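Visitor: could you look at this predicted model? Sequence included:
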Number of protein chains: 2
Amino acid sequence: MTRFGPDQEDADDHPGLPRAPVVVLVEPQLGENIGMVARAMGNFGWRRLRLVKPRDGWPNAKAGAAASGAVHVVEGAELFDSLEAALADLSLVFVTSARKHDLAKSVVGPVDAARRSVTFETAGEGRVGYVFGREAWGLTNDEVTLCDDILTLPVDPTYASLNIAQAVLLCAYEWREAALLRQGHQDELTRLPIATAERSPLADKRAMQGLFDHLEGLLDTSGFFRPPEKREGMIRNLRTLFQRARLNEQEVRTLRGVFSSLDRAHERPKTG
Amino acid sequence: MTRFGPDQEDADDHPGLPRAPVVVLVEPQLGENIGMVARAMGNFGWRRLRLVKPRDGWPNAKAGAAASGAVHVVEGAELFDSLEAALADLSLVFVTSARKHDLAKSVVGPVDAARRSVTFETAGEGRVGYVFGREAWGLTNDEVTLCDDILTLPVDPTYASLNIAQAVLLCAYEWREAALLRQGHQDELTRLPIATAERSPLADKRAMQGLFDHLEGLLDTSGFFRPPEKREGMIRNLRTLFQRARLNEQEVRTLRGVFSSLDRAHERPKTG
């Protein structure tokens, strides 16, 4: 095994999250694909990449270019001569496949695999790996046999061909979700990198009633509510509309200014 | 608006699933990216793609090449001169962003957006769209303002740069999960395209006891359990190991054959 770049073992995992799984690519062909895998890993805090006999050798300049900001993943990649060697220090290995193998192995999805990876690492049971096969034809049955469970992705069965980087992306995405869930981030909102912008406080019902009184008074004067027996229903509809907008205090003030301005329009001297 | 290819409106959505959202790409630059977006859509049963002023014109041969099997998505793409026009017939629009916008809009994640899309379509409230910005710099505040909610993806905040096709992939993946969940596929396993291979029935405890008796009898004869006071613990460990393997009936027969064969090895004449 040849390691390129510094030994980052356990050095800079995401604080508070369990150790992320190792990604193993078997005989990847295109440098661009290796780079895009690295980028997908970086997006979700994974960084340990192992390559078994990459077709075009290693290092590969195209991989670095396609990795975008995730060059640390490419530079830290480890090179192996066989899948056996790449898996030697791993204790729980998922192997991705879209094909049915006639092997007595469980088939799991990305959510189940992610949760089991997180539980496994948290309990200190060993290291977890995810194996991805060749772009063109995947893995042999002998290679699949080296792994524990078959991981398949819930794609539309009529068009199941996932790019290798996209398969890695979904696995890493679900792993990060599972890791953050375990940390207590039950709510999707707390797992997002940006939050709803701070808003002026929502208008309370007194402010809304002031808005309605204001508007309805103006409309009574302008003769809007005709015929009079429809007034009640028209008011209900207007109030419903503004309620639904969940206005904040500033917006109520703005609207009252709008209404006043419209109401006074006839007072202004006509131009021209 | 120019539509390329046949009008597939509502023609061949996935049977039983709600109508899938429309994907709107604003001024996409690379044909390869458009093709990879189409491929990601195809993987999860989405197929309505709209392009607002693609930089290199349209049709684009590189898009078709990168779409792999999802050429139907590329060929059915619709072309628009403005984002307003592309959104005109949509009623609920999510706009993806990794940046914080100082707009009074809710920020949601892909799971929430997917569930709301499915509920919205199922209730017949209108069509749903997901807007993705330019590769290099996203969208202007005016463009974001045209949409309803901001959708952000739960990436590692220290490396948040998602490729546009990967952003589409995660949105479509979560949409399909939500749509299948609503159909009653509560269990992840029922949402996967392949299943665990049929196995010979698991061995029952009588078969396992037969295996243990067989093995332990052979080992007693061979003198394996030494010193005798350790026998009980050694047997417990062996039984635990084979129990954990969750052997099927055929595997029990195979193992018994293995043990018998090993036991008789000394009976064979030595070769050479």
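Guide: Great, that's in hand.
Visitor: going by C-alpha atoms from here, please, whenever you check contacts or count neighbours.
Guide: Fine.
Visitor: give me the pLDDT value at A:Pro269.
Guide: We have a pLDDT of 57 for A:Pro269.
Visitor: tell me if stretch A:88-101 is near chain B.
Guide: Yes. Contact of stretch A:88-101 with chain B (C-alpha under 8 Å from any C-alpha of the partner chain) involves A:Ala98, A:Arg99, A:Lys100, A:His101.
Visitor: which residues touch the last one?
Guide: Applying C-alpha atoms under 8 Å, 6 or more residues apart in numbering or on different chains to A:His101 gives the contacts A:Asn141, B:Ala197.
Visitor: for it, give me phi and psi.
Guide: Backbone torsions for A:His101, taken as degrees, to the nearest 10, come to phi -110, psi 140.
Visitor: in the stretch 1-150 of chain A, which spans are strands?
Guide: For the stretch 1-150 of chain A, the strands defined by DSSP state E, counting those that start in this stretch cover A:2-3, A:22-26, A:48-52, A:78-80, A:92-96, A:107-108, A:128-132, A:149-151.
Visitor: geometric centre of chain A: which residue is closest?
Guide: By C-alpha atoms, centre = their mean, chain A has its centre lying nearest to A:Tyr173, at 5.9 Å.
Visitor: hmm, the helix or strand hosting it in reach of chain B?
Guide: Element membership of A:Tyr173 [criterion: DSSP states H and E] is helix A:164-182. Yes. In terms of C-alpha under 8 Å from any C-alpha, part of helix A:164-182 sits within range of chain B, namely A:Gln166, A:Leu169, A:Leu170, A:Tyr173, A:Glu177.
Visitor: could you turn the buried ones of those residues into a PyMOL selection?
Guide: Under the burial definition 16 or more other C-alpha atoms under 10 Å in any protein chain shown, those of the residues of helix A:164-182 next to chain B that qualify are selected in PyMOL by:
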select buried, chain A and resi 166+169+170+173+177
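Visitor: just to revisit the earlier point, show me what contacts the residue nearest to the centre of chain A?
Guide: Counting by C-alpha under 8 Å, 6+ apart, A:Tyr173 has contacts A:Phe44, B:Pro154, B:Val155.
Visitor: what residues are up against the last one?
Guide: This means B:Val155. A:Asn43, A:Phe44, A:Tyr173, A:Leu192, A:Pro193.
Visitor: could you dump the residues you listed into CSV and include pLDDT?
Guide: Below are those laid out as CSV (pLDDT from 0 to 100):
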residue, pLDDT
A:Asn43, 95
A:Phe44, 95
A:Tyr173, 97
A:Leu192, 88
A:Pro193, 86
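Visitor: surely A:Arg50 touches A:Pro21?
Guide: No. Between A:Arg50 and A:Pro21 there is no contact under C-alpha atoms under 8 Å: 11.0 Å.
Visitor: show me the helices in chain A, by range?
Guide: A:31-43, A:61-66, A:71-75, A:83-87, A:110-122, A:141-145, A:164-182, A:205-222, A:231-244, A:249-263 (DSSP state H).
Visitor: ok now the second one, how far from the chain's centre?
Guide: Offset of helix A:61-66 from its chain centre (C-alpha atoms, centre = their mean, to the nearest Å): 24 Å.
Visitor: and it, C-alpha only, in PDB?
Guide: The C-alpha coordinates for helix A:61-66 follow below in PDB (Å, rounded to 0.1, in the frame of the first residue of the first chain):
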ATOM      1  CA  ALA A  61      -3.900  15.200 -12.600                       C
ATOM      2  CA  LYS A  62      -7.500  14.900 -13.900                       C
ATOM      3  CA  ALA A  63      -8.600  13.600 -10.500                       C
ATOM      4  CA  GLY A  64      -7.200  16.700  -8.700                       C
ATOM      5  CA  ALA A  65      -8.900  19.000 -11.200                       C
ATOM      6  CA  ALA A  66     -12.300  17.400 -10.900                       C
END
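Visitor: I'd like the residues of stretch A:88-101 next to chain B laid out as TSV, including distance to A:Val128 and pLDDT.
Guide: Formatted as TSV, the residues of stretch A:88-101 next to chain B follow (distance: C-alpha to C-alpha, whole Å; pLDDT from 0 to 100):
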residue	distance to A:Val128	pLDDT
A:Ala98	20	84
A:Arg99	22	82
A:Lys100	23	82
A:His101	22	79
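Visitor: now, which of those residues sits nearest B:Gly184?
Guide: Nearest to B:Gly184 out of these is A:Ala98 (C-alpha to C-alpha; 23.1 Å).
Visitor: spatially nearest residue to the closest one (excluding sequence neighbours)?
Guide: A:Thr152 (5.7 Å; C-alpha to C-alpha, 6 or more residues apart in numbering or on different chains).
Visitor: how about A:Gly16?
Guide: A:Gln183 (7.7 Å).
Visitor: the one you found against A:Pro18, yeah?
Guide: No. Contact criterion C-alpha under 8 Å: A:Gln183 and A:Pro18 do not qualify, at 9.5 Å.
Visitor: these two - which one has more neighbours?
Guide: More neighbours surround A:Pro18 than the other of A:Gln183 and A:Pro18, with 21 against 12 (other C-alpha atoms under 10 Å in any protein chain shown).
Visitor: which residues are in contact with that one?
Guide: A:Pro18 makes contact with A:Val118, A:Glu121, A:Thr122, A:Ala179 under the criterion C-alpha under 8 Å, 6+ apart.
Visitor: what stretches of the stretch 1-150 of chain A score poorly on pLDDT?
Guide: Low-confidence segments of the stretch 1-150 of chain A (pLDDT under 70): A:1-15.
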